[in-house]
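Student: predicted model follows, preceded by the sequence.
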Amino acid sequence: MPLRKRSPEDLLPLTPAMLHVLLALAEGEKHGYAILKEVSRRTNGEVSLGAGTLYALVKRLLADGLIVETDDRPDPSLDDERRRYYRLTPFGRDVAVAEVRRLQTIVAHARTLRLVPAGGRGRA
Amino acid sequence: MKRMVTGSRKRRFGWLIRLLPVDIREAHGDEIRQVLSTADEHRPRGFIPGLAFLLGAAWDVLKIAPRQHADALGQDVRYTARGLRRSPVFAVAALATIAVGTGATLSVFAVVNAVLIRPLPFENSSKLALVWAINPEGSRTWLAAPELVDLESRARTLHGVAGLTDLRLALTGNGVPEELDVVAVSASFFQLLGTRPFLGRLLGPYDDRVTSERVVILSHSLWTRRFGSSPHVVGQTIVLDGEAYAIVGVLPKAFGLIPPSSVFPQHADAWVALQPHLVSRARDVRYLHAVARVRDDIPFATAREEISAVGAALSRDFGSAYGNRAWSFDLVPMKEDLVRGVRPALMVVLATVALVLLIASVNVAALLLARAESRRREMAVRAALGASRGRLTRQLLTEGFVLAGIGGILGSVLALAAPAIARVPQLGMLPRFSDVAIDWRVAGCAALLVCITAVLFAVAPALELSRPPARSSTLRSSSGSPPAVRLGRWLAASEVAIASAVLVVALLFAKNLAVLLDVEPGFTSANVFTARVALPPKYGTADAIARFFDEVLNRTRQLPGVDAVAAVTQLPLSGAALGSSFTVDAAANAPRRLDVDLRGVTHTYFETLEVPILRGRAFTSRDARTSPAVAIVDEITARHFWPGRDPIGQRMRWIRQPDVEVEVIGVAGSVRHQGVQHPARATVYRPHTQYARSTMYVVARMAGSHDMTEPALAGVVTSVDPDQPITDAITLAALRMRSFAQPGLGAALGTALALLALVLTAVGVYGVYAFAVVQRRREMGVRLAIGGTPARIQRLILVDGLRIVLLGLAAGVPGSLLASRLTATFVPGVQRFDPWAFAISGALMLGVALGACWLPARRASRVDPAVVLRADP
């Protein structure tokens, strides 16, 4: 396979669920259940991912190199050894940033059309 | 306690996770299970929340499963396609083998489907049946007119019974006169079949009376050909045999597609009511076919029992008409009756083609095995990169499916040629063969074949790859052949075994046909030209008819090259016969009555067809209408009536003219009138002067180098009567070939399949040994280096091949025995055990398989030791 430097934009747009997973990992490595809880907490329970959906995403994100499994674990006595932890790769971080920028551009465009008030929340 | 609960939950989730493809299961299965367990522990307690959680989890997994499977499959397919592109020789060999195997199977299935499986083109056709009379000897025959009435009134299990008989009527009036093939049927006939008119109406009960106005229903083809598809034809009047018939309807085109058979004539131009055309209402004159419909709520077996009982009751109630003997009726499903002549051979051919497909599959398995061996390194790399055994097995299965799928599509394309079987002259006239087509059943069969073959292909390489990695090749060569080579040999041996069974079956069919070809039909068919002459009603008297035919024969005899000429009421081998009965005044315990095949002939008939007169004399021109009634009987009739006595001078009575005593003046050799595969039946010949029929066949035997032509004979006939046409001109040799259609079917298809099996096996054996030689080339190099000669190396491989072929042949013996026993059970005339078939099959197999070994053996002996020993093992 020819090794070509991939640009983060190649992977855009991300699905909302994917972005949520990346954001959940942005603040540090987490295991699967923690990712689910984090996504649910951040969205006030509006987004609730199932275990199957989550690992379908994890498989994809791993394959695309956005996240990696990590060996660094908390104190084993606090943890179940079967748990696997994931963290964002630098490339994954770039992709998340690029996706957020893309969304920002859309929001900015919406503002020029006065669909949402500047600096405020939309009433859509 | 908590542990147990967790355990059962784990199992529950485990089942859920099994829905996902193996790669995500292996990568994340434990994690998913763990997340589910954790979430389960943190959910609110209670039954309803528990159920909601479980349903939610199941929904979540079900939602992602299809996409995950599709992804995994897509990846495998892409990988397979890349692999096939990289080894084009393998791809072509495997795909060609599968295509040939599935193509042959689908073609045979297409024929079986059209002939045996597809329902007849009638409404609810599984309830349609034919009724036959069964005589005291147990053979079936036609029905008499009163029996039809009795069946209709006595049978409670039937919706109705319709009689039919075929006629030829002259159409005169508008346009050129022509003779039509007409079928006379009971009023209920079309209603029983569920046929609706294309134009006008079909027959009603009021049409089917002797006194009714005559009506006719046109076939679609006659309507198109003769009446220019005019929609105004209904209501017009046509003249048939000098009588006016009102056209009341036209049949749909599809009705012309009814398979011809013993019941339905090959061709019908028009349909008329039966009652006015009944030749006889006597209980012992049998000439009617009967179609019945079993009531919807009655099982077939019940109806059959009742019909048989009705027959038995009739022969008791009307004892004297049945000669005080036990007659009965038989009810046969219409479809079964139509195809009974070809069903056995087709079933055997279907089983044989399945064997050929098995050989093809084994071939591909051997190819895949060889490929798996060379891909061992690739698989090891993939395994090292984390691909699990399940993942690799799945990859192999996908490869199997891709190969089987593409091969199956190619095979289906080959099978599109199956309908061409109807264009093979001898086979096309077999019942329903013109209907062979590719329909959804054939497509379904194709899909099924793809699945079966895919699994077959994947098994061998999967077994092979699941073994632990091999030791080094030098070690292997010292301890014998590598396991893949050994497995390949087993595959080769099994191919030989299966192919030898296919060969035996084909040889049995071929021998059956050869035996029939040798059968003496009892007359000569060489250089005999025949044509039908049907005189119109204007030849009203027996004398007029006799004068006409005598004159035609006299003039034909003058044509150059004519050795002998005669006329007869029904041609031998045509299947046509008039069943009739003769009685004798015999002692109480001797047979008094015999159903015979009655034929009217001119006095030169026996010398023209070279039918031997064994005793007494042939007819002469002095056997005139007014001279004493005479007959010539065949050997069977003579033995029946006068066993051990001289039949000459004996008297018998024809059931239709019981007051006339007929004197037997000669005994003729028996003739197989019904076709060479059917034994001769009792026959009585009468001179045409005393048994006048307006329709006769002229038969002319030509001197060696001369051919009679249709125009020449037509010229003679028109010189006697300018308006008189001839029809159905054909040579007896061609008629004889036609009667080989049924036995020829098995022989033709069997031979084709045997050739295919031989070629496939040769390719398979070659492949296995070519692979073995490649695998052992290092060993060969060593042998050559330490003083082995090329001849010894060749012998080494050939001896190995010989062992495998002999093993295969030995293993094939029980299968071949079983195959020949089954063939003999299904196909009449085939021998149960034929040592010659086994010997020929074995010799052929041995020759072909050893030939296939020889090429790789030669290559092995040409190995350059210096090159192989230096090469990387």
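Tutor: Cool, the structure landed. Numbering: from 1, shown residues only, chains lettered A, B, ... in the order given.
Student: check contacts around residue 102.
Tutor: Here I'm looking at chain A. A:12-13 (Cβ atoms under 8 Å, 6 or more residues apart in numbering or on different chains). The way it works is simple: take the backbone N, C-alpha and C, and place the C-beta from them, glycine included.
Student: correction: the question concerned chain B.
Tutor: Counted by Cβ under 8 Å, 6+ apart, residue B:102 has contacts B:357, B:360, B:407-408, B:410-412, B:414-415, B:446, B:449-450, B:453.
Student: take those and keep only those in helices.
Tutor: B:357, B:360, B:407-408, B:410-412, B:414-415, B:446, B:449-450, B:453 (DSSP state H).
Student: can you turn the buried part of those into a ChimeraX selection?
Tutor: To isolate the buried subset of these in ChimeraX, counting by 16 or more other Cβ atoms under 10 Å in any protein chain shown, use the following:
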select /B:357,360,407,408,410,411,412,414,415,446,449,450,453
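Student: need the contacts of residue B:102 in TSV (columns: pLDDT and distance to residue B:808).
Tutor: Shown next, in TSV, are the contacts of residue B:102 (pLDDT from 0 to 100; distance: Cβ to Cβ, whole Å):
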residue	pLDDT	distance to residue B:808
B:357	89	18
B:360	89	16
B:407	89	24
B:408	89	27
B:410	91	28
B:411	90	25
B:412	89	31
B:414	88	27
B:415	87	29
B:446	85	30
B:449	85	24
B:450	85	27
B:453	83	21
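Student: show me which of those is closest to residue B:778.
Tutor: residue B:360 (31.6 Å; Cβ to Cβ).
Student: excluding residues flanking it in the chain, which one is nearest the closest one?
Tutor: Using Cβ to Cβ, 6 or more residues apart in numbering or on different chains and skipping residues adjacent in sequence, the residue nearest residue B:360 is residue B:101, 2.8 Å away.
Student: residue A:69 contacts residue A:83, correct?
Tutor: No - look at residue A:69 against residue A:83 with Cβ atoms under 8 Å: they stay out of range, at 10.8 Å.
Student: number of residues surrounding residue B:538?
Tutor: 11 (other Cβ atoms under 10 Å in any protein chain shown).
Student: checking my notes, it in a helix, right?
Tutor: No - applying DSSP: H, G, I helix; E, B strand; the rest coil, one finds residue B:538 to be coil, outside a helix.
Student: more crowded one of residue A:69 and residue A:83?
Tutor: residue A:83 (18 against 12).
Student: remind me which helix or strand the residue of the stretch 51-200 of chain B found nearest chain A belongs to.
Tutor: Closest contact between the stretch 51-200 of chain B and chain A, by Cβ to the nearest Cβ, is at residue B:60 (2.6 Å). Element membership for residue B:60, per DSSP states H and E: helix B:47-86.
Student: pretty sure the residue of the stretch 51-200 of chain B closest to chain A contacts residue A:48?
Tutor: No - counting by Cβ under 8 Å, residue B:60 does not reach residue A:48; the two are 9.7 Å apart.
Student: so for those two, which residue has more residues nearby?
Tutor: Higher neighbour count among residue B:60 and residue A:48: residue B:60, with 21 against 12, using other Cβ under 10 Å.
Student: check contacts around that one.
Tutor: Counting by Cβ under 8 Å, 6+ apart, residue B:60 makes contact with A:50-53.
Student: any idea how far it is from residue A:36?
Tutor: 11 Å (Cβ to Cβ, to the nearest Å).
Student: also residue B:660?
Tutor: 107 Å.
Student: so between these two, which is more surrounded?
Tutor: Set side by side, residue B:660 and residue A:36 show more neighbours around residue A:36, with 24 against 12, by other Cβ under 10 Å.
Student: the helix or strand hosting the more buried one and chain B in contact?
Tutor: Per DSSP H and E, residue A:36 falls inside helix A:32-42. Yes - residues of helix A:32-42 contacting chain B under Cβ under 8 Å from any Cβ of the partner chain: A:32-33, A:36.
Student: want to try a markdown table for the residues you listed, with pLDDT as columns?
Tutor: Putting these into a markdown table (pLDDT from 0 to 100) gives the following:
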| residue | pLDDT |
| --- | --- |
| A:32 | 87 |
| A:33 | 89 |
| A:36 | 90 |
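Student: which of those sits closest to residue B:636?
Tutor: residue A:32 (91.4 Å).
Student: show me what contacts the closest one?
Tutor: With Cβ under 8 Å, 6+ apart, residue A:32 has these contacts: A:51, A:54-55, A:58, A:83-84, A:86, B:31-32, B:34-35.
Student: now do residue B:610
Tutor: B:523-524, B:701.
Student: quick one: least confident of those residues?
Tutor: Minimum pLDDT for the contacts of residue B:610 is recorded at residue B:524 (84).
Student: isn't that residue up against residue B:609?
Tutor: Yes - between residue B:524 and residue B:609 there is a contact at 6.0 Å, judged by Cβ under 8 Å.
Student: looking at those two, which is more packed in?
Tutor: residue B:609 (23 against 15).
Student: tell me what the helix or strand hosting residue B:443 is packed against?
Tutor: Element membership of residue B:443, judged by DSSP H and E, is helix B:440-465. Helices and strands touching helix B:440-465, by 3 or more Cβ pairs under 8 Å, 6 or more residues apart in numbering or on different chains; DSSP states H and E, are helix B:88-112, helix B:343-374, helix B:389-415, helix B:483-518.
Student: which one of these lies closest to residue A:16?
Tutor: Short answer: helix B:389-415, nearest of the helices and strands packed on helix B:440-465 by Cβ to Cβ, at 30.9 Å.
Student: show me what counts as buried in the closest one.
Tutor: Under 16+ other Cβ under 10 Å, the buried positions of helix B:389-415 are B:391-408, B:410-412, B:414-415.
Student: closest point of chain A to chain B, which residue?
Tutor: For chain A, Cβ to the nearest Cβ, closest residue to chain B: residue A:50, 2.6 Å.
Student: quick one: the nearest residue to that residue once chain neighbours are set aside from residue B:377, how far?
Tutor: In this structure, residue A:50 finds its nearest non-sequential neighbour in residue B:60, 2.6 Å apart by Cβ to Cβ, 6+ apart. When distance is defined by Cβ to Cβ, residue B:60 is 40 Å away from residue B:377.
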